[in-house]
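A.B. asks: missing the sequence, but the structure's below:
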């Protein structure tokens, strides 16, 4: 479905990705793990078009998408839920959700989807008219996830969905990610919490300084001595 | 703010020349009004897109020159023996031309300058205004350079029962400026409350997120620049036909700074901010004139500005809004 071959990308002259090759198959939940600065977020930004690859190929359903604008890539069915400031703080919750469906022209279906999101995240319904900046961190993350889904993507990419959340919320976010995949949407996730990510995913790729150094199923990487030593706090 | 209050405010302003037919007061308010229109237009860029255009006066000056040249007519050589000639046109046509020309340059500057952000954007906008000032100073055949364009006719209106009336009096010009200011305010409000406005607010707070949900960031920034420049051009046209003389000083940096101060003290990114800031900083210098020496006036002006920035960093309108109990 999605394939990266020897992709390099960076910010200005600094190369954050040197040589990344990976693939995501239809219906999978794939994790990218690795230390800070390994290039996980950069990989997602390059796929979503926020960064242009300086080398390599990115193909989606066999067609090259490397170098397209974020708008064109979103229109092809890849949604990106970035890390950090995840919502538009000065827009209301409803407007944030509508922003997610910006490229869709089926108004009626958008309204239905918005309602469905509110059923799934009841806190959002209570706060539809409220500025998103006034939500708690957990609520903002739910809103960001809901917004990404509003585009009806075939592949949704989450960048650090658990970052900065309380442990009980982290579990809830992972449960939501599981449900999204169960509903047939393919998921590519970047996660600092390697243990949780590997347990959750079908397959995972380990990044180090802009290279993919290991790939396999979640269980394989969990069992790998290198991964255990480096990311799971010893054997 | 309740729905009725703004219209009462406008009605009070409209009745002012009847209640206080003091030409000095009306002159001060009219020139403040012209700058408030400029500040309203700047607010669309500075307040709603977050882009600091320090060359905003360029659009004001373009509007003033376009309108003046349309009203006076011109006959210039453009090389290769070709000449461009324009017979004098009615002032309202100049007004429309001012909006179109300024808006066109807004598009051009937007296309060029929005490739970059931050300090680089600011520098490009400053250079843009400076280049236009140089052109106005040196293209003497067209602009008369420092000798200025003089004897610009005032606006004229067709009024029922009276035929075409030239607006010579202070009160007439005051009403015209007030009417244009109201229209400018409504246009900006319409833009801000539309899809465009939401896209602008979204990209102001988080540009990369805005790009990733599919907002064409540059496209919307350019739309904002064109509307903003068009309104500033309208203000320039009002200025030309009110003062009736236009010289290259309409491109002075200080006018941009005045508009920026009005927007920031009033509250950038709020509809009423530029109006409130504009009334305060448009009127203070003149109100002080009767009571203090010129040196002291500028000191007071500066101190007032510093106090506003220190104690009301978000501006007057947001500060007032946060005082009000929430419904």
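C.D. replies: It's in. Bear in mind the structure is a predicted one, so any value in this text is a computation, not a measurement.
A.B. asks: and the spatially most central residue of chain B, how far is that from residue A:87?
C.D. replies: Among the residues of chain B, residue B:38 comes closest to the average C-alpha position under Cα atoms, centre = their mean, at 1.3 Å. Distance, residue B:38 to residue A:87, using Cβ to Cβ, to the nearest Å: 34 Å. Quick note: C-beta positions are derived from backbone N, CA and C, even for glycine.
A.B. asks: for residue A:56, same thing?
C.D. replies: Applying Cβ to Cβ, the value for residue A:56 to residue A:87 is 32 Å.
A.B. asks: Compare those two and say which is more crowded by neighbours.
C.D. replies: Set side by side, residue A:56 and residue A:87 show more neighbours around residue A:87, with 25 against 18, by other Cβ atoms under 10 Å in any protein chain shown.
A.B. asks: list the contacts for the more buried one?
C.D. replies: A:96, A:132-133, A:135, A:140, A:143-144, A:147, B:209 (Cβ atoms under 8 Å, 6 or more residues apart in numbering or on different chains).
A.B. asks: Backbone dihedrals for it, both of them.
C.D. replies: When read as degrees, to the nearest 10, the backbone of residue A:87 gives phi -130, psi 170.
A.B. asks: ok, now which ones touch the residue nearest to it when sequence neighbours are not counted?
C.D. replies: Spatially, and ignoring its direct neighbours in sequence, residue A:87 is nearest to residue A:132 (4.2 Å; Cβ to Cβ, 6 or more residues apart in numbering or on different chains). Residues in contact with residue A:132 (Cβ under 8 Å, 6+ apart) are A:87-93, A:96, A:140, A:143.
A.B. asks: Which residues of chain A lie near chain B?
C.D. replies: Neighbours of chain B within chain A, by Cβ under 8 Å from any Cβ of the partner chain: A:48-50, A:69-71, A:74-75, A:80, A:82, A:85-91, A:95, A:99-100, A:102-103, A:147, A:151.
A.B. asks: Those residues, buried ones only, as a PyMOL selection?
C.D. replies: In PyMOL syntax, the buried subset of the residues of chain A next to chain B is picked out as below (16 or more other Cβ atoms under 10 Å in any protein chain shown):
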select buried, chain A and resi 48+49+50+69+70+71+74+80+82+86+87+88+89+90+91+95+99+100+102+147+151
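A.B. asks: Quickly list what the spatially most central residue of chain A is bridged to.
C.D. replies: Among the residues of chain A, the one closest to the centroid is residue A:158, at 1.7 Å (Cα atoms, centre = their mean). Assessed by DSSP bridges, residue A:158 has beta-bridge partners residue A:81, residue A:189.
A.B. asks: Please tell me how far it sits from residue B:301.
C.D. replies: To residue B:301, residue A:158 is 53 Å away according to Cβ to Cβ.
A.B. asks: For residue A:58, which non-adjacent residue is closest in space?
C.D. replies: Closest to residue A:58 by Cβ to Cβ, 6+ apart is residue A:66, at 3.9 Å.
A.B. asks: Kindly report the same for residue B:305.
C.D. replies: With sequence-adjacent residues excluded and distances taken as Cβ to Cβ, 6+ apart, residue B:305 is closest to residue B:261, at 6.2 Å.
A.B. asks: Contact partners for the one you found?
C.D. replies: Applying Cβ under 8 Å, 6+ apart, we find residue B:261 in contact with B:277, B:281, B:305.
A.B. asks: Confirm it sits in a strand?
C.D. replies: No - under DSSP: H, G, I helix; E, B strand; the rest coil, residue B:261 sits outside any strand and is assigned helix.
A.B. asks: confidence score at it?
C.D. replies: Turning to residue B:261, the model gives it a pLDDT of 89.
A.B. asks: what's the distance between it and chain A?
C.D. replies: Counting by Cβ to the nearest Cβ, to the nearest Å, the gap from residue B:261 to chain A is 23 Å.
A.B. asks: sec struct for the nearest residue in space to residue A:172 that is not next to it in sequence, please.
C.D. replies: Closest residue to residue A:172 apart from its sequence neighbours, by Cβ to Cβ, 6+ apart: residue A:138 at 7.7 Å. Per three-state DSSP, the secondary structure class of residue A:138 is helix.
A.B. asks: Show me what the top helix by length along chain B is packed against.
C.D. replies: Selection of the longest helix in chain B by residue count, based on DSSP state H, yields helix B:217-243. Contact analysis of helix B:217-243 by 3 or more Cβ pairs under 8 Å, 6 or more residues apart in numbering or on different chains; DSSP states H and E lists helix B:23-46, helix B:57-72, helix B:91-113, helix B:170-192, helix B:195-205, helix B:207-212 as its packing neighbours.
A.B. asks: Is it possible to get TSV of these that adds distance to chain A and mean pLDDT?
C.D. replies: Formatted as TSV, the helices and strands packed on helix B:217-243 follow (distance: least, Cβ to the nearest Cβ, whole Å; pLDDT from 0 to 100):
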stretch	distance to chain A	mean pLDDT
helix B:23-46	15	93
helix B:57-72	26	94
helix B:91-113	17	94
helix B:170-192	12	93
helix B:195-205	5	91
helix B:207-212	5	91
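A.B. asks: Put together a markdown table for these, with distance to residue A:44 on each row.
C.D. replies: Shown next, in a markdown table, are the helices and strands packed on helix B:217-243 (distance: least, Cβ to Cβ, whole Å):
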| stretch | distance to residue A:44 |
| --- | --- |
| helix B:23-46 | 32 |
| helix B:57-72 | 40 |
| helix B:91-113 | 30 |
| helix B:170-192 | 32 |
| helix B:195-205 | 20 |
| helix B:207-212 | 10 |
